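coordinates only, no sequence provided:
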């Protein structure tokens with residue numbers, strides 16, 4: 001019987017060692033998966049940050065273009081009003097002179 005006890009202890013020790021190795025392998029696999037996910041997320045994050053920066057620059061350019069266009073529209077409107085006023089005066093003056 002003592003031999004059976006020794007075999008049981010030996011089998012338990014082997015099973016324990018096997019489980020430890022299996023656990024160690026699974027843990028390493030999980031670590032690699034987590035590291036891979038971290039890398040993927042870091043890459044996505046960097047890409048999104050680059051897109052945000054590019055879009056912010058584009059918004060600034062578009063805003064500057066809109067401000068220039070607005071200034072041009074105002075200038076055109078002022079010239080149109082001045083031209084219209086000068087045209088009415090000239091027409092009124094010519095009407096007065098012919099009377």
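Everything's here; your move. All of these numbers come straight from a predicted model, not from anything done at the bench.

now stretch 29-42, how far from the centre of its chain.
22 Å (C-alpha atoms, centre = their mean, to the nearest Å).

I'd like the average pLDDT over stretch 31-47.
Averaged across stretch 31-47, the pLDDT comes to 98.

list the contacts of it.
For stretch 31-47, there are no surrounding residues in contact (C-beta atoms under 8 Å, 6 or more residues apart in numbering). Quick note: C-beta positions are derived from backbone N, CA and C, even for glycine.

next: stretch 67-81.
Contacts of stretch 67-81 (C-beta under 8 Å, 6+ apart): none.

give me the below-cutoff pLDDT ranges for the chain.
Confidence mapping of the chain against pLDDT under 70 gives the ranges 1-6, 88-99.

let's see that with 90 instead.
Across the chain, the ranges flagged by pLDDT under 90 are 1-12, 83-99.

show me where it has its helices.
In the chain, the helices defined using DSSP state H lie at 2-98.

any figure for the gap between residue 71 and residue 39?
Distance of residue 71 to residue 39, given as C-beta to C-beta, to the nearest Å: 49 Å.

just residue 85 next, same as before
Residue 85 is 69 Å from residue 39, by C-beta to C-beta.

before we move on, what about residue 59?
31 Å.

again, but for residue 32
Relative to residue 39, residue 32 is positioned 11 Å away (criterion: C-beta to C-beta).

over to residue 87?
71 Å.

and residue 51, how many neighbours?
10 (other C-beta atoms under 10 Å).

and residue 31, by the same measure?
So residue 31, with other C-beta under 10 Å, has 10 neighbours.

do residue 86 as well
Neighbourhood size, residue 86 [other C-beta under 10 Å]: 10.

repeat that for residue 10.
Residue 10 has 10 nearby residues by other C-beta under 10 Å.

measure it to residue 16 for me?
11 Å.

next one: residue 66
If you go by C-beta to C-beta, the gap between residue 66 and residue 16 works out to 73 Å.

try residue 30
21 Å.

ditto for residue 69
78 Å.

number of residues surrounding residue 82?
10.

contacts only, for it.
Contacts of residue 82 were listed using C-beta under 8 Å, 6+ apart, and none were found.
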